[in-house]
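> Kindly generate the corresponding structure for this input.
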Amino acid sequence: MELGIIGNCAVSALIDPAGVINWYCLPRFDGDPIFHGLLGHGKGRPDDGTFRVELDGCFETEQSYLANTAILRTVLRSASGAVEIIDFCPRFEARGRSFRPQMLIRQVRPLDGAPRVRFCIRPQFEWGTVPPSMTRGSSHVRFVGPDQVVRLTTDAPLDHVLDERLINLDQEMSFVLGPDETLSESPQHIARDFCDQTTRYWRRWVQRLAIPCEWQEAVIRAAITLKLCSYEPTGGIIAAMTTSVPEAPGSTRNWDYRYCWVRDALFTVRALNSLAATRTLENYFQWLMNLVADAKGGHIQPVLGVGLETELTETIAEALQGYRGMGPVRIGNQAHEHFQHDTYGNIILGAAPAFFDKRLFMNTGKAAFEHLEALGEQAWLLHDQPDAGLWELRSRSRIHTSSSLMCWVACDRLGKIAAHLGLPKRATYWKERADIIRAKILERTWSEKRQSFVESFDGSTLDASVLLMGEVGFLPPQDPRFVATVETLSATLGRGPFMLRYEEADDFGVPEVGFNLCAFWRVDALTRIGRKDEARDLFEALLDARNPLGLMSEDTSFATGEAWGNFPQTYSMAGIINGAMRLSRPWEEEL
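Numbering: from 1, shown residues only. Model (predicted):
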């Protein structure tokens, strides 16, 4: 999927190789996409729901990020001249706090020749069903929708912009799309100043990362992308920026990923923490502890809104045609109704570093531990009970190995936290429970016939999620059962460098594409069991599956190499960081 992402940890936009903004939700990641061209034009004209800069006679485009930033540069070329577009969402420190407005900025300037351009700015509201009413001033236009107003301020000739007239581009033109507020300076001054400050912010942030020796550019781009998927006002971390990009062509496996799964968020914060980017972990810990407090020791759903919303009722946006015409377009996610028992382990594993990392100054004493113990009790009660599993199956329930594994993690990590806090009785209590769960998993999920741990208790089919046994420390890497599992899963579910999630048909049939995170799990597992050369080859091949800007979606077709699924997927981007950190040669060898 050849898209770039810009953002500021409050809003974000997706931009195609020709510089078309085709996805931009307001007032936050899970809001109404006023630019929704990625999923169709809705009830309007074919290009509605986009912000386009059209170069007359364009025959070539190129795109890249300004080094170590979230600022995207697009160049359009024609026989008569070339145009440069700089896109970003402002992000920097101002007046002692983070400045991250609901704003995107475009700078359009001629590079050479005498280019002629047309500006087409067509926001729509209510998922492509309501065109805006417009009011205008001397240098701005207000797009008024039922629930929100967006103001575009520009130094481009407003009449020509609104008429979508082809004009000569003989000087830089700036577009500031943001709240319905008057700018304090000219659009060009704001655009240049905010671009300079945003560039400095991102480059300073990257400078503080503890990156590996190898694959540095891949890791930096993955780290920036993961940070963009965090919603800083609350600390929530979304799974992806989009909804309803199908997992495979015509599959109707179209889901809304603009929410916070504690499972997905765990992978994000662990990856960023491995690079010493601790701020996201600190913010996420606060989000988690609010979630735990709201639950009051009871059920915790696997997915919530970034503001801890619990009602994510799934509906269909009937007006939108879908990605490449492949509907439906879903809003909300039925998974909020699921029982997924791995949730408790994921929360505790996500919170655990706050108790041990001396760099973090958070309220992680006995009181916080006692709140987490309530989750441990839930994990203990549910460790051998059926659930929907981490793949969120909608029509069957089993005692999934991965869910029981994470219940073990919950008890195991609580025991370690208790020991760290000097609470020996609680440490023993949780260790004993972890040992009981561990014994059940070993007894009921190992298959002599398959020479592998299997998908569910007393089951017979294979599932890549059991590879997490190595990552969470359930078994030592050289345990013969784990080694055999890695080999069996690789042979059965592997498709070149890619990997299926499982072998059994689900609600929609047999999976048709590789799930990128599973492929990275295999890389990690192979490295752990000592097959590092093989792991490196697979990792390099997975990096080749990224788009030209270094981004990955959820899935990759092992037949065509084409990207599918929601984008950019935090699972996949975290896999890039984890693989590089595990496989890179030490800096000492390079220097």
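> end to end, how far does stretch 20-32 reach?
18 Å (CA to CA, to the nearest Å).
> quick check: mean pLDDT across that stretch?
Averaged across stretch 20-32, pLDDT comes to 98.
> repeat for stretch 95-113
Rounded mean pLDDT across stretch 95-113 is 95.
> do the same with stretch 373-388
For stretch 373-388, the mean per-residue pLDDT is 95.
> just how off-centre is that stretch within its chain?
Remark: stretch 373-388 is offset 27 Å from the chain centroid, using CA atoms, centre = their mean, to the nearest Å.
> Go through that stretch and flag the buried ones.
373-376, 378-380, 382-384, 386-388 (16 or more other CB atoms under 10 Å). Using the backbone N, CA and C atoms, a C-beta is placed for each residue, glycine as well.
> OK, contacts around Leu3?
14-16, 22-23, 38, 547, 549, 551, 567 (CB atoms under 8 Å, 6 or more residues apart in numbering).
> Could you identify which of those has the most neighbours?
Most neighbours among those, by other CB atoms under 10 Å: Leu38, with 28 neighbours.
> That residue contacts Ile21, correct?
No - Leu38 sits out of contact with Ile21 when judged by CB atoms under 8 Å, with a separation of 9.7 Å.
> Quick check: neighbours shared by the two?
Here Leu38 and Ile21 have Leu14 as joint contacts, going by CB under 8 Å, 6+ apart.
> part of a strand, is Leu14?
Yes - per DSSP: H, G, I helix; E, B strand; the rest coil, Leu14 lies within a strand segment.
> Let's verify the closest residue to it other than its chain neighbours: helix, strand, or coil?
In space, and not counting its chain neighbours, Leu14 is closest to Trp23: 3.9 Å by CB to CB, 6 or more residues apart in numbering. Under three-state DSSP, the three-state class of Trp23 is strand.
> Point out where the chain drops to low pLDDT.
The chain contains residues with pLDDT under 70 at 361-363, 394-395, 507-509.
> Now do the phi/psi pair for Ile211.
Ile211 has phi and psi values of phi -90, psi 160 when expressed as degrees, to the nearest 10.
> coming back round to it: closest one to Gly57 out of the buried residues of stretch 373-388, please.
Ala388 (53.2 Å; CB to CB).
> Please name the nearest non-neighbouring residue to the closest one.
His338 (4.3 Å).
> Repeat that for Thr50.
Here the residue nearest Thr50, using CB to CB, 6+ apart, is Gly37, at 3.9 Å.
> any idea how far that neighbour lies from Tyr24?
From Gly37 across to Tyr24, the span is 10 Å (CB to CB, to the nearest Å).
> Between the two, which has more neighbouring residues?
Tyr24 (30 against 26).
> so what's that one bridging to?
For Tyr24, the beta-bridge partners under DSSP bridges are Ala13, Phe35.
> Wait, it touches Pro33, no?
Yes - Tyr24 lies in contact with Pro33 (CB under 8 Å); the separation is 6.4 Å.
> if you go through the stretch 351-500 of the chain in chain order, where are the strands?
Here the stretch 351-500 of the chain has its strands, by DSSP state E, counting those that start in this stretch, at 446-447, 452-453, 494-495, 498-499.
> what's the answer for the stretch 201-350 of the chain, then?
Secondary structure of the stretch 201-350 of the chain (DSSP E, counting those that start in this stretch): strands located at 230-231, 236-237, 260-261, 303-304, 315-316, 330-331.
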